[in-house]
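Chemist: got a structure for you, letters missing:
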Ligand SMILES: Nc1nc2c(ncn2[C@@H]2O[C@H](COP(=O)(O)OP(=O)(O)OP(=O)(O)O)[C@@H](O)[C@H]2O)c(=O)[nH]1
């Protein structure tokens, strides 16, 4: 079964170099991956990509034709590409017996991918077909300040909650700076507090009221929970160290995906389908009502109280004593002429009929005589 590894990270964190190294590492182990590039703005891809967004979308042309800036053009290119995502998934599926890993490079402008509709569609398409893991790449030497580190972690946290997929934090460029300090901060809360206390920028009295340091303190408390769901890998894409550990962590996360995330995703999808069906049913009912084609006449009448009998049926027995005489429990609405027999007692009905007969007889005989007179006159 192919597992998808989505490489996400801030610009310049080394995603592309990481992809290149991972690709060659897997080749050296005789398990070559399926490689996809989703960065439309990259000039040169240093690995042989099986699918490259640049083959289907021309980033510069998108910028020019739609009059967009660099980020808008990336989002639009992804939008255009996402319309073909079914074909991409089919291609990967067709060759799934030949590969164990499908590795995907994403644009450096994280928000263009993670927070765009097309990014969500692409991620969802992979995650609903294959076990999918996010590799969040961090530029280790640039994260030695506790505040920068925490901002980066908050970003990772937001991606985790947005994608709802298992995540590995990959500390890259460890040939320049080892990631021990960061790993310690993630596992030992006091160590992080100490680092915060000794952070010059945060504790410079002349620069503020200490608001920042107390904010960072409370946010780091919140992040403790987040760290517990993560796995860490320390690599150097430059020297190639740490990639075996990274692959082991991927296997662990794939098991986790199958055990927890898949069930959760299935439940979310089922719930969504249920909600969609309800929504459909509701709008169909509205449509039927608008057309006067209620499926269940009684229930639709009830919704739209128009006749006395509906109101009466809604009253519980004994709820309103005055209404007792008006109740017609087993009958729906009938027209006035149908109800005459019920409303008028026999005596009144007879008197009414007699009066009607008398009037009609008089009037008709008088009219007949008048007509006869007229005819006789006109003939004579
Ligand atoms: N020393 C060292 N440098 C690295 C490593 N990985 C990447 N770099 C360097 O970091 C810089 C950025 O690397 P890229 O792979 O282009 O980063 P990226 O995240 O793909 O960049 P964008 O896609 O433009 O956001 C390059 O100069 C790389 O040579 C590493 O492990 N060690």
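Modeler: Arrived safely, thanks for sending. Keep in mind it's a predicted model, so treat the numbers as computed, not measured.
Chemist: For the stretch 1-150 of the chain, what lies in contact range of the ligand?
Modeler: Taking C-beta under 6 Å from any ligand atom as the contact definition, the stretch 1-150 of the chain meets the ligand at 9, 11, 12, 13, 14, 15, 16, 17, 39, 108. C-beta: built from backbone N, CA, C; applies to glycine.
Chemist: Verify the stated contact: the third one with residue 110.
Modeler: No: taking C-beta atoms under 8 Å as the contact criterion, residue 12 and residue 110 are not neighbours in contact, 11.7 Å apart.
Chemist: Looking only at neighbour counts, state which of the two leads.
Modeler: A direct count of neighbours by other C-beta atoms under 10 Å for residue 12 and residue 110 places residue 110 higher, at 21 against 10.
Chemist: so how far is residue 229 from the more buried one?
Modeler: Distance, residue 110 to residue 229, by C-beta to C-beta, to the nearest Å: 19 Å.
Chemist: repeat for residue 245
Modeler: According to C-beta to C-beta, residue 245 and residue 229 sit 19 Å apart.
Chemist: picking that back up, now the residues of the stretch 1-150 of the chain next to the ligand in CSV, with pLDDT and secondary structure?
Modeler: As requested, those are exported to CSV (pLDDT from 0 to 100; DSSP: H, G, I helix; E, B strand; the rest coil):
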residue, pLDDT, secondary structure
9, 89, strand
11, 87, coil
12, 88, coil
13, 91, coil
14, 91, coil
15, 91, helix
16, 91, helix
17, 93, helix
39, 91, coil
108, 83, coil
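Chemist: could I get those as a markdown table with distance to residue 101?
Modeler: Shown next, in a markdown table, are these (distance: C-beta to C-beta, whole Å):
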| residue | distance to residue 101 |
| --- | --- |
| 9 | 18 |
| 11 | 24 |
| 12 | 24 |
| 13 | 20 |
| 14 | 19 |
| 15 | 16 |
| 16 | 17 |
| 17 | 17 |
| 39 | 19 |
| 108 | 22 |
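Chemist: Any of those buried? List them.
Modeler: 9, 13, 14, 15, 16, 17, 39, 108 (16 or more other C-beta atoms under 10 Å).
Chemist: May I have the residues that are in contact with the second one?
Modeler: So the one you mean is residue 13. Shown in contact with residue 13 (C-beta atoms under 8 Å, 6 or more residues apart in numbering): 108, 137, 138, 139, 172.
Chemist: for these, which one is nearest residue 191?
Modeler: Of all the contacts of residue 13, residue 138 has the smallest distance to residue 191: 17.8 Å, by C-beta to C-beta.
Chemist: from this protein, which residue is nearest to the ligand?
Modeler: Residue of the chain nearest the ligand, by C-beta to the nearest ligand atom: residue 108 (2.0 Å).
Chemist: What backbone torsions are found at that residue?
Modeler: Backbone torsions of residue 108, given as degrees, to the nearest 10, read phi -60, psi -30.
Chemist: contacting residues around it?
Modeler: Contacts of residue 108 (C-beta under 8 Å, 6+ apart): 9, 10, 11, 12, 13, 15, 39.
Chemist: so what's the first one closest to, chain neighbours aside?
Modeler: Leaving aside its sequence neighbours, residue 9 sits nearest to residue 137 (C-beta to C-beta, 6 or more residues apart in numbering; 3.3 Å).
Chemist: Assign that neighbour to helix, strand or coil.
Modeler: strand (DSSP: H, G, I helix; E, B strand; the rest coil).
Chemist: was I right about it contacting residue 11?
Modeler: No: Residue 137 is not in contact with residue 11 according to C-beta under 8 Å; the separation is 10.7 Å.
Chemist: Could you list the low-confidence segments of the stretch 201-350 of the chain?
Modeler: Scanning the stretch 201-350 of the chain for pLDDT under 70 picks out 201-210, 293-349.
Chemist: can you give me the helices in it?
Modeler: Using DSSP state H, counting those that start in this stretch, the helices of the stretch 201-350 of the chain run over 211-227, 243-256, 262-291, 297-303, 308-314, 336-343, 346-379.
Chemist: for the strand or helix carrying residue 90, packing partners?
Modeler: Using DSSP states H and E, residue 90 falls within helix 85-94. Contacts defined by 3 or more C-beta pairs under 8 Å, 6 or more residues apart in numbering; DSSP states H and E place helix 85-94 against strand 34-37, helix 117-127.
Chemist: Need the buried ones among the residues of the stretch 1-150 of the chain next to the ligand in JSON lines (columns: distance to residue 273).
Modeler: As requested, those are exported to JSON lines (distance: C-beta to C-beta, whole Å):
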{"residue": "9", "distance to residue 273": "34"}
{"residue": "13", "distance to residue 273": "37"}
{"residue": "14", "distance to residue 273": "40"}
{"residue": "15", "distance to residue 273": "35"}
{"residue": "16", "distance to residue 273": "38"}
{"residue": "17", "distance to residue 273": "41"}
{"residue": "39", "distance to residue 273": "33"}
{"residue": "108", "distance to residue 273": "36"}
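Chemist: just curious, which of these is nearest to residue 256?
Modeler: Using C-beta to C-beta, these come closest to residue 256 at residue 9, 20.9 Å.
Chemist: got the buried residues for whichever strand or helix holds residue 190?
Modeler: Assigned by DSSP H and E, residue 190 belongs to helix 189-197. Across helix 189-197, burial judged by 16+ other C-beta under 10 Å covers 192, 193, 195, 196.
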